[in-house]
Every structure is written in structure tokens, then in C-alpha cells.
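Asker: need a structure here:
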Amino acid sequence: MSNVCIVFCTTDTRDNAETIADALIAARAAACVQIVPGITAVYRWQDQVVKDEEFQLVIKTTQQHVDAAKRVVDALHNYDVPQWVVVDAQHVSAAYGNWVNQELNVE
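Answerer: Numbering: from 1, shown residues only. This next block holds a predicted model:
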């Protein structure tokens with residue numbers, strides 16, 4: 001098993017997505033953040049069905065950096081309840097795993 005994690009988080013504006021991505025990289029809390037535009041979210045909020053356009057952040061980090069990444073997101077996110085879903089990568093190529101760990105200074 002790898003120490004690499006993928007975190008899924010959404011936000012409502014490209015500016016917020018880029019602010020979060022830039023801060024995660026600057027803090028070395030993530031090795032890479034992909035911003036995927038054009039996500040449509042349908043959910044219930046305060047007893048109303050809501051349909052919003054969102055930007056998906058796909059955050060590549062490690063188990064050791066998940067808490068630091070969450071602190072960055074919590075400080076910059078504009079939602080009351082941001083999506084935060086961590087998926088542990090079961091299999092990662094050696095080259096990619098080494099790169100992620102190198103970017104995050106994991107020994």
C-alpha cells in the first residue's frame with residue numbers, strides 16, 4: 001500500500017479553487033492539485049434541493065500531509081461545509097509515488 005492520498009473537494013468559483021490550489025502547493029501540503037471545471041452538484045441544503053455549478057479540486061498528497069492540507073482548505077474555502085473526501089491510493093507507480101513524496105519532503 002502507498003502513502004499517497006487523493007482528496008476530493010469542490011468549490012463554487014474558479015478564483016476560490018485557484019486560491020486553494022496555490023496555497024496547498026506553496027505550503028507543500030499537496031504535490032499537485034487538478035482543477036476540473038463544469039461539475040454540476042445536486043444536493044439538499046436547508047430543506048431545499050439545490051443545483052450548483054462547481055469546480056472539483058483533485059488534491060494529490062500523502063497520509064502525512066492530509067491534516068495540513070485540510071487546515072489550508074478550511075482557512076480559504078468559502079463554503080460552510082466543504083467537501084473533504086480522502087481516498088488512500090492502494091497502488092501507485094513507483095515513479096509517481098517517489099515524485100509525490102519528493103515534492104512533499106517525505107523521507
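Asker: if I pick residue 13, what's in contact with it?
Answerer: Shown in contact with residue 13 (CB atoms under 8 Å, 6 or more residues apart in numbering): 55, 78. Placement of C-beta: from N, CA and C, glycine included.
Asker: Could you do residue 105 as well?
Answerer: Residues near residue 105 by CB under 8 Å, 6+ apart: residue 28.
Asker: where along this protein do the helices fall?
Answerer: Taking DSSP state H to define them, one finds helices in the chain at 14-26, 66-76, 94-103.
Asker: In this protein, where is pLDDT below threshold?
Answerer: 1, 106-107 (pLDDT under 70).
Asker: okay if I get the helices of the chain as a markdown table plus distance to residue 8?
Answerer: Below are the helices of the chain laid out as a markdown table (distance: least, CB to CB, whole Å):
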| stretch | distance to residue 8 |
| --- | --- |
| helix 14-26 | 12 |
| helix 66-76 | 11 |
| helix 94-103 | 17 |
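Asker: Pull the number of nearby residues for residue 61.
Answerer: 28 (other CB atoms under 10 Å).
Asker: from memory it sits against residue 70, does it?
Answerer: No. When contacts are counted by CB atoms under 8 Å, residue 61 is not listed as touching residue 70 (9.8 Å).
Asker: picking that back up, ok, which of the helices of the chain comes nearest residue 52?
Answerer: Among the helices of the chain, helix 14-26 comes nearest to residue 52, with 12.8 Å by CB to CB.
Asker: Does anything pack onto that closest one? Which helices or strands?
Answerer: Where contact means 3 or more CB pairs under 8 Å, 6 or more residues apart in numbering; DSSP states H and E, helix 14-26 is packed against strand 4-11, strand 32-45, strand 48-62, helix 66-76.
Asker: and of those, who's closest to residue 103?
Answerer: The nearest among those, by CB to CB, is strand 32-45 at 7.7 Å.
Asker: before we move on, back to that, which of the helices and strands packed on helix 14-26 sits most buried?
Answerer: With neighbours defined by mean count of other CB atoms under 10 Å, none of the helices and strands packed on helix 14-26 is more surrounded on average than strand 4-11, at a mean of 21.
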